[in-house]
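[1] Compute the structure for the input listed below.
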Amino acid sequence: QVQLVESGGGLVQAGGSLRLSCAASGRTFSSYTMGWFRQSPGKERELVAAISRSGGSTYFADSVKGRFTISRDNARSTVYLQMNSLKPEDTAVYYCAASKEYSLTWYRGYADWGQGTQVTVSS
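    Numbers count the residues shown, from 1 in each chain. This next block holds a predicted model:
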């Protein structure tokens, strides 16, 4: 099990940028596939981006491709989500999650979750 703490959320105008960070506890961070999910009121939680253990493979939802990037620093046990060209529809609570599975997109594999950080994009 790994404990996850997100930071970096906030209020930003449309077109702006934010960088979310997720710090993980423990010394086995490099053995986890990491993902960023988001959920807004009345909508299902969706996988926004994910990154493999080494960082060599990534996944992005179509809605964020070309605007968001995901990266990780295994030495610092931290995963990042850089969000550019933000839109009001990006407003949501963003969650960091960890999976012991190799698949980036298998939702059930994400067993450990952070508390979430609010991102609000004003028009």
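[2] May I have the residues that are in contact with the residue nearest the centre of the chain?
    For the chain, the residue nearest the mean C-alpha position is residue 36 (2.1 Å; Cα atoms, centre = their mean). Contacts of residue 36 were listed using Cβ atoms under 8 Å, 6 or more residues apart in numbering, and they are 20, 22, 47-50, 70, 79, 81, 94-97. Where C-beta positions appear, they are placed from N, C-alpha and C, glycine not excepted.
[3] Can you lay out these as CSV showing distance to residue 115, pLDDT and neighbour count?
    Putting the contacts of residue 36 into CSV (distance: Cβ to Cβ, whole Å; pLDDT from 0 to 100; neighbours: other Cβ atoms under 10 Å) gives the following:
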residue, distance to residue 115, pLDDT, neighbour count
20, 13, 98, 23
22, 11, 98, 25
47, 18, 98, 19
48, 17, 98, 23
49, 19, 98, 26
50, 19, 98, 25
70, 19, 98, 23
79, 15, 98, 29
81, 15, 98, 27
94, 11, 98, 24
95, 8, 98, 23
96, 9, 98, 28
97, 11, 98, 24
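[4] which is the next helix or strand following the helix or strand hosting the residue nearest to the centre of the chain?
    Assessed by DSSP states H and E, residue 36 sits inside strand 33-39. Going down the chain from strand 33-39, the next helix or strand is strand 46-51, by DSSP H and E.
[5] That next one vs strand 33-39, what angle?
    Going by axes from the mean of the first three to the mean of the last three Cα atoms, to 10 degrees, strand 46-51 is angled at 160 degrees with respect to strand 33-39.
[6] List the strands paired with strand 46-51, with their directions.
    strand 33-39 (antiparallel), strand 58-60 (antiparallel) (DSSP bridges).
[7] hey, which of those strands is tucked in deepest?
    strand 33-39 (a mean of 24; mean count of other Cβ atoms under 10 Å).
[8] Could I have the CA atoms of that strand written out in CSV?
    C-alpha atoms of strand 33-39 as CSV (Å, rounded to 0.1, in the frame of the first residue of the first chain):
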residue,chain,number,x,y,z
THR,A,33,1.8,2.6,-12.4
MET,A,34,0.4,6.0,-11.6
GLY,A,35,-2.7,7.8,-12.8
TRP,A,36,-4.5,11.0,-12.5
PHE,A,37,-8.3,10.9,-12.4
ARG,A,38,-10.9,13.6,-12.1
GLN,A,39,-14.5,13.8,-11.1
